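Chemist: here is the input, now give the coordinates:
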Amino acid sequence: MPLILGLTGTFGSGKSTVAAMLAEQGAEIIDADAIAHRLVEPGRTALAEVVGAFGRELLDESGELRRAELAKLVFGDREALRRLEGIIHPRVREEIVGRLEEVKGKTLVALDVPLLFEAGMEGMTDRTVIVTIVENQRFLRLRRREFSEREIIVRLGMQMAQARKKELVGEIIDNSGTFETTREHTQTLLNKLLGETLKEP
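Modeler: Below you'll find the predicted structure:
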């Protein structure tokens, strides 16, 4: 059985960067955002439910979901966000369960789930890891990605605070420094976790 890591982090923390580093080390990555993205492709039941809940104006001429418009609609409106999560989260969980069955022969699996605790998925993992970042670095990096200051504040306000997540997880990777420093932190943590696994009876 693989060691299953629950990898989480708040908006702009660099969680995807750490997931890529784990993949380089042979980890199987199960990406909740990628699953959610596929769930609302044309023809999928979840897309029909999203359109039913929020309106056909969210579809473009080809029937694709206008993701940016949906994001504008739900971020800043907690009730709308809860409705969307009610459609998406159970399906994401179902697909993750299926993927975990497929990767039983792997040594390490990382569940890349931004809303790991909010969605109640921490129970699917052996260990939990949060990628953290100091706030000034977060804002600088997100502004370089062309998010406005208001977008950053609103999105962060809709998530569980980084400080609270740090209290809930078992391990922390600080992504406030250089890329290489984060890589070193990730490798050190990976060595520790795999070493502990090998010692288990």
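Chemist: what is the burial count for Gly105?
Modeler: 8 (other CB atoms under 10 Å). All C-beta atoms are positioned from the backbone trio N, CA, C, and that covers glycine.
Chemist: next, work out how far apart it and Phe54 are.
Modeler: 40 Å (CB to CB, to the nearest Å).
Chemist: could you give me the buried positions within stretch 48-66?
Modeler: Neighbour-count burial for stretch 48-66 flags 49-51, 54, 58-59, 65 (criterion: 16 or more other CB atoms under 10 Å).
Chemist: need the helix or strand of the protein with the lowest average pLDDT.
Modeler: Scoring the helices and strands of the chain by mean pLDDT, DSSP states H and E places helix 179-199 at the bottom, with a mean of 86.
Chemist: elements contacting that helix?
Modeler: In terms of contacts (3 or more CB pairs under 8 Å, 6 or more residues apart in numbering; DSSP states H and E), helix 179-199 is packed against strand 3-9, helix 15-24, strand 171-174.
Chemist: other residues contacting the last one?
Modeler: Okay, so that is strand 171-174. 18, 127-133, 166, 182, 185-186, 189, 193 (CB atoms under 8 Å, 6 or more residues apart in numbering).
Chemist: now the first one
Modeler: Residues from elsewhere that reach strand 3-9 (CB under 8 Å, 6+ apart): 15, 18-19, 22, 27, 100, 107-117, 121-122, 124-133, 162, 165, 169, 175, 193-194, 197.
Chemist: can you check the longest one too?
Modeler: The list of residues contacting helix 15-24 from outside it, by CB under 8 Å, 6+ apart, reads 5, 7-9, 29, 31, 108, 110, 112, 114, 129, 131, 173, 175, 179, 182-183, 186-187, 190.
Chemist: among those residues, which ones are buried?
Modeler: Looks like the contacts of helix 15-24 have 5, 7-9, 29, 31, 108, 110, 112, 114, 129, 131, 173, 175, 182-183, 186, 190 buried, using 16+ other CB under 10 Å.
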